[in-house]
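**Student:** here's a sequence, model it:
(2 chains)
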Amino acid sequence: MSETAERVKKIVVEHLGVEAEKVTEEASFIDDLGADSLDIVELVMAFEEEFGVEIPDDAAEKITTVKDAIAYIDANKD
Amino acid sequence: MRRVVVTGLGLVTPLGADVETAWANILAGKSGAGQITRFDTEGQKCTIACEVKPADHEYGFDPNKRVDHKVQRQVDPFIIYGIDAAGQALEDAGLTEMTEEESYRAGLSIGSGIGGLPGIASESLVCENKGPTRVSPHFVHGRLINLISGQVSIKYGLRGPNHAVVTACSTGAHAIGDAARMIAMDDADVMLAGGAEGAICPLGIAGFAQAKALSTRNDDPEGASRPYDKGRDGFVMGEGAGVVVLEEYEHAKARGAKIYAEVIGYGLSGDAYHVTAPHPEGSGAYRSMEMALKKSGLKPEDIDYINAHGTSTPLGDELEAGAVRRLFGDALKTVSMSSTKSAIGHLLGGAGAVESIFCILAIRDQIVPPTLNLVDPSEGLEDFDLVPLKAKKRKVKAVLNNSFGFGGTNASLIMRAVEP
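**Tutor:** Down below sits the predicted model:
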(Lines give C-alpha, C1' and ligand atoms only; values in the text may rest on other atoms or scores of the structure.)
Protein backbone atom coordinates (compact mmCIF):
# COMPACT_ATOMS: atom_id res chain seq x y z
CA MET A 1 0.00 0.00 0.00
CA SER A 2 1.36 3.44 -0.93
CA GLU A 3 1.93 6.05 1.70
CA THR A 4 -0.90 8.15 0.24
CA ALA A 5 -3.28 5.20 0.44
CA GLU A 6 -2.45 4.60 4.08
CA ARG A 7 -3.03 8.22 5.04
CA VAL A 8 -6.26 8.40 3.04
CA LYS A 9 -7.60 5.25 4.70
CA LYS A 10 -6.73 6.56 8.14
CA ILE A 11 -8.72 9.73 7.50
CA VAL A 12 -11.69 7.76 6.18
CA VAL A 13 -11.70 5.46 9.23
CA GLU A 14 -11.52 8.40 11.60
CA HIS A 15 -14.20 10.50 9.89
CA LEU A 16 -16.74 7.82 9.06
CA GLY A 17 -16.20 5.60 12.09
CA VAL A 18 -15.94 2.46 9.93
CA GLU A 19 -13.69 -0.55 10.45
CA ALA A 20 -10.33 -0.32 8.69
CA GLU A 21 -10.91 -3.60 6.80
CA LYS A 22 -13.93 -2.14 5.08
CA VAL A 23 -11.91 0.71 3.60
CA THR A 24 -10.69 -1.11 0.49
CA GLU A 25 -9.54 0.87 -2.53
CA GLU A 26 -12.70 -0.15 -4.42
CA ALA A 27 -15.02 0.94 -1.59
CA SER A 28 -17.55 3.63 -2.50
CA PHE A 29 -17.89 6.30 0.17
CA ILE A 30 -21.67 6.43 -0.15
CA ASP A 31 -22.61 2.87 -1.12
CA ASP A 32 -20.11 0.91 0.99
CA LEU A 33 -18.99 3.20 3.81
CA GLY A 34 -22.26 4.88 4.80
CA ALA A 35 -21.23 8.43 3.99
CA ASP A 36 -23.69 11.13 2.94
CA SER A 37 -22.97 14.14 0.74
CA LEU A 38 -21.94 16.28 3.73
CA ASP A 39 -19.53 13.61 4.92
CA ILE A 40 -17.88 13.74 1.51
CA VAL A 41 -17.47 17.51 1.75
CA GLU A 42 -15.80 16.94 5.12
CA LEU A 43 -13.57 14.15 3.80
CA VAL A 44 -12.44 16.29 0.88
CA MET A 45 -11.56 19.10 3.31
CA ALA A 46 -9.59 16.64 5.43
CA PHE A 47 -7.68 15.39 2.36
CA GLU A 48 -6.89 18.98 1.37
CA GLU A 49 -5.58 19.69 4.84
CA GLU A 50 -3.57 16.47 5.13
CA PHE A 51 -1.90 16.61 1.72
CA GLY A 52 -1.80 20.35 1.08
CA VAL A 53 -3.69 19.95 -2.19
CA GLU A 54 -6.64 21.91 -3.43
CA ILE A 55 -9.61 19.84 -4.61
CA PRO A 56 -12.05 22.08 -6.52
CA ASP A 57 -15.78 21.26 -6.40
CA ASP A 58 -15.90 19.78 -9.92
CA ALA A 59 -13.01 17.43 -9.10
CA ALA A 60 -14.51 16.56 -5.70
CA GLU A 61 -17.74 15.46 -7.39
CA LYS A 62 -15.82 12.81 -9.32
CA ILE A 63 -14.26 11.33 -6.19
CA THR A 64 -16.66 8.56 -5.24
CA THR A 65 -14.31 5.75 -4.16
CA VAL A 66 -11.21 5.47 -1.99
CA LYS A 67 -9.21 4.76 -5.15
CA ASP A 68 -10.47 7.99 -6.79
CA ALA A 69 -9.25 9.99 -3.81
CA ILE A 70 -5.81 8.36 -3.79
CA ALA A 71 -5.39 8.87 -7.54
CA TYR A 72 -6.39 12.54 -7.42
CA ILE A 73 -4.06 13.25 -4.53
CA ASP A 74 -1.11 11.44 -6.11
CA ALA A 75 -1.63 13.35 -9.35
CA ASN A 76 -1.92 16.76 -7.72
CA LYS A 77 0.28 16.87 -4.64
CA ASP A 78 3.68 18.54 -4.85
CA MET B 1 -58.50 15.69 29.29
CA ARG B 2 -56.18 12.72 28.68
CA ARG B 3 -53.95 11.88 31.65
CA VAL B 4 -50.15 11.94 31.26
CA VAL B 5 -47.74 9.72 33.17
CA VAL B 6 -43.97 9.25 33.28
CA THR B 7 -42.79 5.79 32.19
CA GLY B 8 -39.07 6.24 31.51
CA LEU B 9 -36.12 8.21 32.87
CA GLY B 10 -32.66 9.08 31.54
CA LEU B 11 -29.86 11.10 33.10
CA VAL B 12 -26.37 12.30 32.25
CA THR B 13 -25.03 14.36 35.16
CA PRO B 14 -21.77 15.37 36.84
CA LEU B 15 -22.56 12.74 39.51
CA GLY B 16 -23.37 9.85 37.23
CA ALA B 17 -24.37 9.02 33.66
CA ASP B 18 -27.32 6.81 34.54
CA VAL B 19 -30.34 7.33 36.77
CA GLU B 20 -29.43 5.02 39.65
CA THR B 21 -25.79 6.13 39.97
CA ALA B 22 -26.66 9.83 39.87
CA TRP B 23 -29.49 9.42 42.37
CA ALA B 24 -27.38 7.34 44.79
CA ASN B 25 -24.64 9.98 44.70
CA ILE B 26 -27.16 12.79 45.21
CA LEU B 27 -28.63 11.02 48.25
CA ALA B 28 -25.14 10.31 49.61
CA GLY B 29 -24.44 14.05 49.61
CA LYS B 30 -21.63 13.95 47.05
CA SER B 31 -20.61 17.00 45.06
CA GLY B 32 -19.89 16.98 41.33
CA ALA B 33 -17.89 20.21 41.47
CA GLY B 34 -14.19 20.66 40.85
CA GLN B 35 -11.62 22.70 38.98
CA ILE B 36 -12.41 22.90 35.27
CA THR B 37 -10.35 20.26 33.43
CA ARG B 38 -11.64 20.81 29.93
CA PHE B 39 -9.69 23.96 29.10
CA ASP B 40 -7.03 26.25 30.48
CA THR B 41 -8.78 28.65 32.88
CA GLU B 42 -5.92 31.18 32.89
CA GLY B 43 -7.46 34.65 33.06
CA GLN B 44 -10.99 33.41 33.96
CA LYS B 45 -12.68 34.90 37.04
CA CYS B 46 -14.34 31.53 37.62
CA THR B 47 -12.23 28.36 37.34
CA ILE B 48 -14.72 25.81 38.73
CA ALA B 49 -17.66 23.84 37.36
CA CYS B 50 -19.57 20.59 37.69
CA GLU B 51 -18.26 18.70 34.66
CA VAL B 52 -19.64 15.41 33.38
CA LYS B 53 -16.80 13.00 34.17
CA PRO B 54 -14.82 11.06 31.53
CA ALA B 55 -15.62 7.41 30.79
CA ASP B 56 -12.81 6.00 32.97
CA HIS B 57 -14.10 7.82 36.07
CA GLU B 58 -16.03 5.91 38.75
CA TYR B 59 -19.25 7.59 37.62
CA GLY B 60 -18.14 8.86 34.24
CA PHE B 61 -19.98 9.10 30.93
CA ASP B 62 -19.15 6.87 27.97
CA PRO B 63 -20.57 8.46 24.80
CA ASN B 64 -19.88 5.29 22.82
CA LYS B 65 -22.75 3.49 24.54
CA ARG B 66 -25.54 5.16 22.62
CA VAL B 67 -24.08 7.74 20.22
CA ASP B 68 -22.56 6.73 16.87
CA HIS B 69 -18.93 7.62 16.34
CA LYS B 70 -19.76 9.75 13.31
CA VAL B 71 -22.42 11.73 15.19
CA GLN B 72 -20.02 12.31 18.09
CA ARG B 73 -17.55 13.92 15.68
CA GLN B 74 -20.17 16.20 14.18
CA VAL B 75 -22.11 17.59 17.13
CA ASP B 76 -21.61 19.60 20.31
CA PRO B 77 -21.58 17.93 23.75
CA PHE B 78 -25.14 18.99 24.65
CA ILE B 79 -26.47 16.88 21.76
CA ILE B 80 -24.37 13.87 22.78
CA TYR B 81 -25.67 14.11 26.38
CA GLY B 82 -29.22 14.52 25.11
CA ILE B 83 -29.11 11.53 22.74
CA ASP B 84 -27.77 9.32 25.52
CA ALA B 85 -30.32 10.45 28.12
CA ALA B 86 -33.14 10.01 25.60
CA GLY B 87 -31.90 6.50 24.78
CA GLN B 88 -31.80 5.60 28.46
CA ALA B 89 -35.37 6.84 28.93
CA LEU B 90 -36.67 4.85 25.94
CA GLU B 91 -34.89 1.71 27.16
CA ASP B 92 -36.29 2.22 30.65
CA ALA B 93 -39.80 2.56 29.24
CA GLY B 94 -39.35 -0.47 26.99
CA LEU B 95 -40.13 1.58 23.90
CA THR B 96 -37.02 1.21 21.74
CA GLU B 97 -38.99 -0.86 19.24
CA MET B 98 -42.22 0.55 17.79
CA THR B 99 -44.42 -0.30 14.86
CA GLU B 100 -44.69 2.31 12.11
CA GLU B 101 -48.20 3.10 13.28
CA GLU B 102 -46.98 3.70 16.86
CA SER B 103 -44.07 5.81 15.65
CA TYR B 104 -46.47 8.41 14.20
CA ARG B 105 -47.83 8.89 17.70
CA ALA B 106 -44.42 9.24 19.39
CA GLY B 107 -42.67 12.59 19.45
CA LEU B 108 -39.99 14.67 21.11
CA SER B 109 -39.65 17.93 23.00
CA ILE B 110 -36.02 18.14 24.09
CA GLY B 111 -34.41 21.56 24.35
CA SER B 112 -31.37 23.41 25.56
CA GLY B 113 -30.75 26.84 27.01
CA ILE B 114 -27.65 27.74 25.07
CA GLY B 115 -27.00 24.96 22.58
CA GLY B 116 -23.72 24.51 20.76
CA LEU B 117 -21.68 27.34 22.18
CA PRO B 118 -18.33 25.45 22.31
CA GLY B 119 -18.63 24.56 18.62
CA ILE B 120 -19.78 28.03 17.60
CA ALA B 121 -16.80 29.52 19.42
CA SER B 122 -14.24 27.15 17.90
CA GLU B 123 -15.64 27.18 14.37
CA SER B 124 -15.78 30.99 14.33
CA LEU B 125 -12.01 30.90 14.85
CA VAL B 126 -11.63 28.50 11.92
CA CYS B 127 -13.66 30.86 9.73
CA GLU B 128 -11.61 33.86 10.85
CA ASN B 129 -8.16 32.27 10.71
CA LYS B 130 -8.40 29.69 7.93
CA GLY B 131 -11.26 31.11 5.86
CA PRO B 132 -14.89 30.23 5.12
CA THR B 133 -14.01 27.22 2.96
CA ARG B 134 -12.55 25.44 6.00
CA VAL B 135 -15.79 25.63 8.03
CA SER B 136 -17.20 22.16 8.66
CA PRO B 137 -20.23 21.12 6.57
CA HIS B 138 -21.64 19.77 9.85
CA PHE B 139 -21.23 23.10 11.63
CA VAL B 140 -24.86 24.23 11.58
CA HIS B 141 -26.75 21.04 12.36
CA GLY B 142 -24.15 20.07 14.94
CA ARG B 143 -24.96 23.18 17.01
CA LEU B 144 -28.71 23.78 16.59
CA ILE B 145 -30.79 23.34 19.73
CA ASN B 146 -33.53 21.25 18.11
CA LEU B 147 -30.97 18.71 16.93
CA ILE B 148 -31.31 16.56 20.03
CA SER B 149 -34.91 15.99 19.04
CA GLY B 150 -33.78 15.64 15.42
CA GLN B 151 -31.01 13.12 16.09
CA VAL B 152 -33.07 11.05 18.53
CA SER B 153 -36.05 10.93 16.16
CA ILE B 154 -33.79 9.58 13.40
CA LYS B 155 -32.04 7.07 15.66
CA TYR B 156 -35.24 5.59 17.09
CA GLY B 157 -37.68 6.33 14.24
CA LEU B 158 -40.03 8.64 16.17
CA ARG B 159 -42.31 10.38 13.66
CA GLY B 160 -44.66 12.38 15.90
CA PRO B 161 -44.28 16.02 17.04
CA ASN B 162 -40.65 17.13 16.76
CA HIS B 163 -40.25 20.11 19.04
CA ALA B 164 -37.55 21.88 21.06
CA VAL B 165 -37.89 24.44 23.83
CA VAL B 166 -35.42 27.30 24.33
CA THR B 167 -36.24 29.23 27.50
CA ALA B 168 -32.84 29.54 29.18
CA CYS B 169 -32.85 27.83 32.59
CA SER B 170 -36.58 27.03 32.40
CA THR B 171 -36.09 24.92 29.26
CA GLY B 172 -36.26 21.45 30.85
CA ALA B 173 -39.41 22.21 32.82
CA HIS B 174 -41.14 23.93 29.90
CA ALA B 175 -40.19 21.03 27.62
CA ILE B 176 -41.88 18.51 29.93
CA GLY B 177 -44.90 20.74 30.48
CA ASP B 178 -45.39 21.44 26.77
CA ALA B 179 -44.95 17.78 25.86
CA ALA B 180 -47.47 16.73 28.51
CA ARG B 181 -49.98 19.11 26.93
CA MET B 182 -49.33 17.65 23.48
CA ILE B 183 -50.29 14.25 24.87
CA ALA B 184 -53.27 15.68 26.74
CA MET B 185 -54.41 17.39 23.52
CA ASP B 186 -54.10 14.10 21.61
CA ASP B 187 -51.20 15.16 19.35
CA ALA B 188 -49.23 12.11 20.51
CA ASP B 189 -49.39 9.11 22.86
CA VAL B 190 -45.70 9.12 23.76
CA MET B 191 -43.31 12.06 24.09
CA LEU B 192 -39.64 12.16 24.97
CA ALA B 193 -39.21 15.40 26.90
CA GLY B 194 -36.36 17.17 28.64
CA GLY B 195 -33.32 19.34 28.22
CA ALA B 196 -29.56 19.27 27.92
CA GLU B 197 -26.63 21.62 28.28
CA GLY B 198 -22.94 21.51 27.52
CA ALA B 199 -21.64 25.04 27.69
CA ILE B 200 -18.56 24.61 29.90
CA CYS B 201 -16.14 26.30 27.51
CA PRO B 202 -14.03 29.47 27.78
CA LEU B 203 -16.72 31.68 26.24
CA GLY B 204 -19.55 30.15 28.31
CA ILE B 205 -17.76 30.54 31.63
CA ALA B 206 -16.51 34.03 30.76
CA GLY B 207 -19.95 35.17 29.65
CA PHE B 208 -21.75 34.06 32.80
CA ALA B 209 -18.90 35.34 34.97
CA GLN B 210 -19.11 38.77 33.32
CA ALA B 211 -22.86 38.75 34.01
CA LYS B 212 -21.90 38.25 37.68
CA ALA B 213 -23.89 35.02 37.83
CA LEU B 214 -21.12 32.56 38.77
CA SER B 215 -19.56 31.74 42.12
CA THR B 216 -15.89 32.66 42.29
CA ARG B 217 -15.17 30.49 45.32
CA ASN B 218 -12.41 28.98 43.21
CA ASP B 219 -10.39 27.57 46.11
CA ASP B 220 -13.37 25.55 47.41
CA PRO B 221 -15.28 24.12 44.43
CA GLU B 222 -17.32 21.62 46.46
CA GLY B 223 -18.44 24.38 48.81
CA ALA B 224 -19.22 26.89 46.07
CA SER B 225 -22.82 25.95 45.28
CA ARG B 226 -24.58 26.71 48.59
CA PRO B 227 -28.22 27.68 48.02
CA TYR B 228 -29.88 29.58 50.90
CA ASP B 229 -26.58 29.83 52.80
CA LYS B 230 -25.38 33.28 53.81
CA GLY B 231 -22.01 32.60 52.15
CA ARG B 232 -23.41 31.99 48.65
CA ASP B 233 -21.99 34.11 45.84
CA GLY B 234 -23.40 32.74 42.59
CA PHE B 235 -24.07 29.47 40.79
CA VAL B 236 -21.67 26.78 39.66
CA MET B 237 -22.07 25.80 36.02
CA GLY B 238 -23.11 22.21 35.43
CA GLU B 239 -23.69 20.15 32.29
CA GLY B 240 -25.53 17.03 31.21
CA ALA B 241 -29.07 16.08 30.29
CA GLY B 242 -32.34 14.80 31.66
CA VAL B 243 -35.03 13.19 29.50
CA VAL B 244 -38.28 11.51 30.50
CA VAL B 245 -40.75 9.39 28.57
CA LEU B 246 -44.23 10.85 28.95
CA GLU B 247 -47.11 8.63 27.99
CA GLU B 248 -50.87 8.79 27.87
CA TYR B 249 -52.14 6.93 30.96
CA GLU B 250 -54.37 4.35 29.22
CA HIS B 251 -51.64 3.70 26.64
CA ALA B 252 -49.13 3.00 29.42
CA LYS B 253 -51.58 0.84 31.35
CA ALA B 254 -52.56 -1.18 28.29
CA ARG B 255 -48.97 -2.24 27.63
CA GLY B 256 -48.25 -2.91 31.31
CA ALA B 257 -45.64 -0.15 31.58
CA LYS B 258 -43.94 0.75 34.82
CA ILE B 259 -45.49 4.08 35.84
CA TYR B 260 -43.36 6.43 37.95
CA ALA B 261 -45.69 9.39 38.41
CA GLU B 262 -48.41 11.48 36.83
CA VAL B 263 -47.87 15.03 35.55
CA ILE B 264 -50.84 16.86 37.03
CA GLY B 265 -49.91 20.54 37.02
CA TYR B 266 -47.98 22.94 34.79
CA GLY B 267 -47.65 26.68 35.27
CA LEU B 268 -45.89 29.32 33.15
CA SER B 269 -45.37 33.02 33.62
CA GLY B 270 -43.19 35.99 32.73
CA ASP B 271 -41.64 38.56 35.06
CA ALA B 272 -41.65 41.44 32.53
CA TYR B 273 -39.03 43.05 34.71
CA HIS B 274 -35.33 42.53 33.89
CA VAL B 275 -33.22 40.36 31.57
CA THR B 276 -31.24 38.64 34.32
CA ALA B 277 -32.55 39.76 37.73
CA PRO B 278 -35.70 38.14 39.12
CA HIS B 279 -38.70 40.32 39.96
CA PRO B 280 -38.03 41.89 43.39
CA GLU B 281 -41.25 40.48 44.82
CA GLY B 282 -40.91 37.10 43.11
CA SER B 283 -44.28 37.71 41.46
CA GLY B 284 -43.50 35.67 38.34
CA ALA B 285 -42.37 32.72 40.42
CA TYR B 286 -45.50 33.01 42.56
CA ARG B 287 -47.87 33.06 39.59
CA SER B 288 -46.09 30.14 37.92
CA MET B 289 -46.46 27.96 41.02
CA GLU B 290 -50.02 29.18 41.60
CA MET B 291 -51.04 28.22 38.06
CA ALA B 292 -49.49 24.76 38.37
CA LEU B 293 -51.24 24.22 41.69
CA LYS B 294 -54.59 25.31 40.30
CA LYS B 295 -54.24 22.97 37.31
CA SER B 296 -53.30 20.09 39.60
CA GLY B 297 -56.38 20.51 41.77
CA LEU B 298 -54.17 20.14 44.84
CA LYS B 299 -53.90 22.41 47.85
CA PRO B 300 -50.54 23.67 49.12
CA GLU B 301 -50.68 21.21 52.05
CA ASP B 302 -50.81 18.32 49.53
CA ILE B 303 -47.30 19.13 48.24
CA ASP B 304 -44.63 17.18 50.12
CA TYR B 305 -41.46 18.22 48.33
CA ILE B 306 -40.29 21.20 46.28
CA ASN B 307 -37.16 20.90 44.18
CA ALA B 308 -36.43 24.61 44.11
CA HIS B 309 -34.81 26.61 41.36
CA GLY B 310 -32.40 27.69 44.16
CA THR B 311 -29.29 28.43 42.11
CA SER B 312 -27.14 29.83 44.95
CA THR B 313 -27.23 33.40 43.66
CA PRO B 314 -27.54 36.11 46.31
CA LEU B 315 -30.82 37.53 44.95
CA GLY B 316 -32.71 34.58 43.52
CA ASP B 317 -32.86 32.09 46.38
CA GLU B 318 -34.62 34.35 48.85
CA LEU B 319 -37.08 35.74 46.29
CA GLU B 320 -38.15 32.22 45.35
CA ALA B 321 -38.44 31.28 49.03
CA GLY B 322 -40.56 34.37 49.63
CA ALA B 323 -42.91 33.39 46.81
CA VAL B 324 -43.18 29.86 48.22
CA ARG B 325 -43.99 31.27 51.67
CA ARG B 326 -46.77 33.49 50.31
CA LEU B 327 -48.32 30.66 48.30
CA PHE B 328 -47.97 27.96 50.96
CA GLY B 329 -48.85 29.91 54.11
CA ASP B 330 -49.37 27.41 56.95
CA ALA B 331 -48.52 24.51 54.63
CA LEU B 332 -44.89 25.64 54.83
CA LYS B 333 -44.73 23.58 58.03
CA THR B 334 -45.22 20.30 56.20
CA VAL B 335 -43.29 20.77 52.95
CA SER B 336 -39.61 20.01 52.41
CA MET B 337 -37.72 22.15 49.88
CA SER B 338 -34.17 21.55 48.67
CA SER B 339 -31.89 22.50 45.82
CA THR B 340 -29.95 19.69 44.14
CA LYS B 341 -27.97 22.40 42.32
CA SER B 342 -25.88 22.29 45.49
CA ALA B 343 -24.57 18.92 44.29
CA ILE B 344 -24.54 18.97 40.47
CA GLY B 345 -24.44 22.71 39.81
CA HIS B 346 -26.78 24.52 37.46
CA LEU B 347 -27.48 22.53 34.31
CA LEU B 348 -29.18 25.57 32.73
CA GLY B 349 -31.44 24.18 29.99
CA GLY B 350 -31.10 20.69 31.47
CA ALA B 351 -31.89 21.72 35.04
CA GLY B 352 -35.69 21.51 35.01
CA ALA B 353 -35.67 18.04 33.49
CA VAL B 354 -32.91 16.60 35.66
CA GLU B 355 -34.55 18.02 38.77
CA SER B 356 -37.98 16.73 37.76
CA ILE B 357 -36.41 13.29 37.59
CA PHE B 358 -35.06 13.74 41.12
CA CYS B 359 -38.60 14.71 42.18
CA ILE B 360 -39.96 11.52 40.62
CA LEU B 361 -37.31 9.42 42.36
CA ALA B 362 -38.18 11.13 45.65
CA ILE B 363 -41.72 9.80 45.17
CA ARG B 364 -40.45 6.33 44.26
CA ASP B 365 -38.07 6.01 47.22
CA GLN B 366 -39.89 8.19 49.81
CA ILE B 367 -36.81 10.27 50.48
CA VAL B 368 -35.90 13.88 49.66
CA PRO B 369 -32.41 14.90 48.49
CA PRO B 370 -30.33 17.36 50.53
CA THR B 371 -29.20 20.94 50.05
CA LEU B 372 -25.43 20.65 50.41
CA ASN B 373 -23.31 23.34 52.09
CA LEU B 374 -26.28 24.86 53.87
CA VAL B 375 -24.71 25.55 57.27
CA ASP B 376 -25.80 29.13 57.93
CA PRO B 377 -29.18 29.89 56.33
CA SER B 378 -30.03 33.45 55.32
CA GLU B 379 -32.18 35.32 57.80
CA GLY B 380 -35.90 34.81 57.40
CA LEU B 381 -35.62 31.22 56.20
CA GLU B 382 -35.82 29.63 59.66
CA ASP B 383 -39.34 28.30 59.11
CA PHE B 384 -38.36 26.34 55.96
CA ASP B 385 -37.28 22.70 55.95
CA LEU B 386 -34.46 23.15 53.42
CA VAL B 387 -33.12 19.60 54.00
CA PRO B 388 -29.62 20.78 54.92
CA LEU B 389 -26.64 18.50 54.24
CA LYS B 390 -28.39 15.12 54.56
CA ALA B 391 -31.14 13.37 52.61
CA LYS B 392 -34.31 12.88 54.61
CA LYS B 393 -36.74 9.95 54.67
CA ARG B 394 -40.31 11.18 54.62
CA LYS B 395 -43.68 10.71 52.96
CA VAL B 396 -43.51 12.01 49.37
CA LYS B 397 -46.68 11.80 47.35
CA ALA B 398 -46.82 15.08 45.42
CA VAL B 399 -43.87 17.19 44.26
CA LEU B 400 -43.29 20.62 42.74
CA ASN B 401 -40.36 21.59 40.51
CA ASN B 402 -39.51 25.23 39.85
CA SER B 403 -37.32 26.56 37.03
CA PHE B 404 -36.73 30.21 36.25
CA GLY B 405 -34.69 31.65 33.40
CA PHE B 406 -32.99 34.75 32.01
CA GLY B 407 -35.52 36.88 30.22
CA GLY B 408 -37.85 36.55 33.20
CA THR B 409 -39.37 33.22 32.18
CA ASN B 410 -40.79 30.85 34.82
CA ALA B 411 -42.07 27.29 34.78
CA SER B 412 -43.47 25.03 37.51
CA LEU B 413 -44.41 21.36 37.29
CA ILE B 414 -46.41 19.30 39.76
CA MET B 415 -46.23 15.52 39.69
CA ARG B 416 -47.85 12.93 41.91
CA ALA B 417 -47.75 9.23 42.62
CA VAL B 418 -50.33 7.61 40.33
CA GLU B 419 -53.73 6.94 41.72
CA PRO B 420 -55.61 4.41 39.62
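**Student:** so B:A351, which state does it fall into?
**Tutor:** helix (DSSP: H, G, I helix; E, B strand; the rest coil).
**Student:** tell me which helix or strand of chain B sits lowest on mean pLDDT?
**Tutor:** helix B:69-74 (a mean of 93; mean pLDDT, DSSP states H and E).
**Student:** that one near chain A at all?
**Tutor:** Yes: judged by C-beta under 8 Å from any C-beta of the partner chain, helix B:69-74 comes into contact with chain A through B:69-70, B:73. In short, each C-beta sits where N, CA and C put it, glycine included.
**Student:** close to chain A: what parts of chain B are there?
**Tutor:** Checking chain B against chain A by C-beta under 8 Å from any C-beta, the hits are B:68-70, B:73, B:133-134, B:136-138.
**Student:** which ChimeraX command selects the buried ones in the residues you listed?
**Tutor:** Burial among the residues of chain B next to chain A is assessed by 16 or more other C-beta atoms under 10 Å in any protein chain shown; the matching ChimeraX selection reads:
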select /B:70,73,136,137,138
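**Student:** columns distance to B:D383 on top of the residues of chain B next to chain A, output as JSON lines?
**Tutor:** Listed next are the residues of chain B next to chain A as JSON lines, based on distance: C-beta to C-beta, whole Å:
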{"residue": "B:D68", "distance to B:D383": "52"}
{"residue": "B:H69", "distance to B:D383": "54"}
{"residue": "B:K70", "distance to B:D383": "55"}
{"residue": "B:R73", "distance to B:D383": "53"}
{"residue": "B:T133", "distance to B:D383": "64"}
{"residue": "B:R134", "distance to B:D383": "60"}
{"residue": "B:S136", "distance to B:D383": "55"}
{"residue": "B:P137", "distance to B:D383": "58"}
{"residue": "B:H138", "distance to B:D383": "53"}
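**Student:** which pair in the residues of chain B next to chain A has the greatest spatial separation?
**Tutor:** For these, the maximum inter-member distance is 26.7 Å, found between B:D68 and B:T133 (C-beta to C-beta).
**Student:** residue contacts, residue 72?
**Tutor:** Using chain A. Going by C-beta atoms under 8 Å, 6 or more residues apart in numbering or on different chains, A:Y72 touches A:53, A:55, A:59, A:62-63.
**Student:** that's the wrong chain, I meant chain B
**Tutor:** Contact analysis of B:Q72 by C-beta under 8 Å, 6+ apart lists B:63-64, B:80.
**Student:** hmm, A:E21 and A:K9 touching each other?
**Tutor:** No: using C-beta atoms under 8 Å, A:K9 is not in contact with A:E21; the gap is 10.2 Å.
**Student:** these two: which is more packed in?
**Tutor:** A:K9 (20 against 7; other C-beta atoms under 10 Å in any protein chain shown).
**Student:** could you list the low-pLDDT ranges of chain B?
**Tutor:** B:420 (pLDDT under 70).
**Student:** tell me, what residue is most central in it?
**Tutor:** B:A351 (2.1 Å; C-alpha atoms, centre = their mean).
**Student:** how close does that residue sit to chain A?
**Tutor:** 32 Å (C-beta to the nearest C-beta, to the nearest Å).
**Student:** what residues are up against residue 27?
**Tutor:** No chain specified, so I'll use chain A. Applying C-beta under 8 Å, 6+ apart, the residues contacting A:A27 are A:33, A:65-66.
**Student:** hmm, no, I was thinking of chain B.
**Tutor:** With C-beta under 8 Å, 6+ apart, B:L27 has these contacts: B:367, B:369-370, B:391.
**Student:** of those residues - the most surrounded one?
**Tutor:** When neighbours are counted by other C-beta under 10 Å, B:P369 leads those with 28 neighbours.
**Student:** show the pLDDT at the residue in chain A positioned nearest to chain B.
**Tutor:** Ranked by C-beta to the nearest C-beta, the top residue of chain A for proximity to chain B is A:G17, at 3.0 Å. Reading off the confidence values, A:G17 has pLDDT 90.
**Student:** now the closest residue to it other than its chain neighbours: how far from B:G142?
**Tutor:** In space, not counting the residues next to it along the chain, A:G17 is nearest to B:H69; the distance is 3.0 Å by C-beta to C-beta, 6 or more residues apart in numbering or on different chains. Distance check for B:H69 against B:G142: by C-beta to C-beta, to the nearest Å, it reads 14 Å.
**Student:** also B:S339?
**Tutor:** Relative to B:G142, and taking C-beta to C-beta, B:S339 is found at 33 Å.
**Student:** give me the more crowded residue out of these two.
**Tutor:** Set B:S339 next to B:G142 and count neighbours by other C-beta under 10 Å: B:S339 wins out with 29 against 20.
**Student:** touching, that one and B:T313? I think so.
**Tutor:** No: using C-beta under 8 Å, B:S339 is not in contact with B:T313, being 11.1 Å away.
**Student:** could you save the residues of helix B:69-74 next to chain A as a markdown table and add columns showing distance to B:A175?
**Tutor:** Putting the residues of helix B:69-74 next to chain A into a markdown table (distance: C-beta to C-beta, whole Å) gives the following:
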| residue | distance to B:A175 |
| --- | --- |
| B:H69 | 28 |
| B:K70 | 26 |
| B:R73 | 26 |
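**Student:** looking at those residues, which one is closest to chain A?
**Tutor:** B:H69 (3.0 Å).
**Student:** ok, that closest one touching A:H15?
**Tutor:** No: between B:H69 and A:H15 there is no contact under C-beta under 8 Å: 9.4 Å.
**Student:** find residues that contact each of those two.
**Tutor:** Residues touching both B:H69 and A:H15 (C-beta under 8 Å, 6+ apart): there are none.
**Student:** where does the one residue in the stretch 151-300 of chain B that gets nearest to chain A land in three-state SS?
**Tutor:** The nearest approach of the stretch 151-300 of chain B to chain A comes at B:I154, 11.9 Å away (C-beta to the nearest C-beta). At B:I154 the chain is in helix, as set by three-state DSSP.
**Student:** which residues of chain A fall in helices?
**Tutor:** Counting by DSSP state H, chain A has helices at residues A:3-16, A:37-51, A:57-60, A:66-76.
**Student:** B:G115 is nearest to which of those helices?
**Tutor:** Between the helices of chain A, helix A:37-51 lies closest to B:G115; by C-beta to C-beta that is 19.3 Å.
**Student:** since that was my last question, I'll sign off now.
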